[in-house]
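A.B. asks: here's my sequence, what's the structure:
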Amino acid sequence: MLTKIDKIAYVFLAVVMGISVYYGFTDGEFFNKGIAREDGSVEYGTAVFLFLISLLCFYRLATLGKYNSLTWKVGVLGFALLFLFGAGEEISWGQRIFDIESGEYFLENNAQKETNLHNLVVGGKKVNKIIFSQLLMLVMVIYLIIVPILYRRKQWVKDLFDRFAVPVVQWHHTIAFLASTLLVSIIPPDRKWEVYELAFGLIFLLIFLHPLNSHLFRKP
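C.D. replies: Alright, predicted model coming up:
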């Protein structure tokens, strides 16, 4: 069942996708330089969503940690740090906000001359394309489609995910992700992936707020 927050978030996502598809086909320059521009509202929105997930995990660790096992704490802390890292990377750790100049290593090895890892170039290939695109997409397919099925059918999968407090998606999360993937894939401008990252951040915030195994994040 959708919560009120889910409904509001999906309406917001639908509006963003609608605007993106419209301008993606009618005014690609405005899409790239306006909607999905560097340091724009879409990019910062993604960072905010990822940071909120991290804060949620730290809050759960602080308020519920004493009621749960060490593996539960490890899982929640791991996600808190992972999404904090993601938020930092999204805005290059505040480099452009605070006008901080990149160090020599990043000037020489970063495709955008910024202080972040996902734009590093190693052996002539961008880390972003290898890890943050191809590998991440594979992980997303497994997590959003395969895991929910196994979680419902295999007790050992359920036990493993519950032991490490891994939020399991509900089917409406999967549908939202697939719909967003389809819509973004048909948009012509090259900065369309900024919109995809925003959808990713929002959907994952919803997953962490109300997962299938939400009982793991309640006081006993």
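A.B. asks: who touches stretch 51-71?
C.D. replies: Counting contacts by C-beta atoms under 8 Å, 6 or more residues apart in numbering, the residues outside stretch 51-71 that touch it are 72-73, 76-77, 79-84, 87, 163-165, 201, 204-205, 208-209, 216-220. For the C-beta atoms, the positions are set from N, CA and C on the backbone; glycine is no exception.
A.B. asks: out of those, which are buried?
C.D. replies: Neighbour counting with 16 or more other C-beta atoms under 10 Å marks 72-73, 76-77, 79-80, 83-84, 87, 163-165, 201, 204-205, 208-209, 216-217 as buried within the contacts of stretch 51-71.
A.B. asks: gap between stretch 196-214 and the chain center?
C.D. replies: 8 Å (C-alpha atoms, centre = their mean, to the nearest Å).
A.B. asks: quick revisit: restricted to helices, list the buried ones among the contacts of stretch 51-71.
C.D. replies: Restricting the buried ones among the contacts of stretch 51-71 to those inside helices, with DSSP state H as the criterion, leaves 72-73, 76-77, 79-80, 83-84, 87, 163, 201, 204-205, 208-209.
A.B. asks: out of these, who's nearest Leu2?
C.D. replies: Relative to Leu2, the closest of these is Leu209; by C-beta to C-beta it sits at 11.8 Å.
A.B. asks: pretty sure the closest one is touching Ile5, no?
C.D. replies: Yes - counting by C-beta atoms under 8 Å, a contact exists between Leu209 and Ile5, whose distance comes to 6.5 Å.
A.B. asks: nearest residue to Leu81 in space, please, no chain neighbours.
C.D. replies: Counting by C-beta to C-beta, 6 or more residues apart in numbering, Leu81 lies nearest to Ser54, which is 7.6 Å off, once chain neighbours are set aside.
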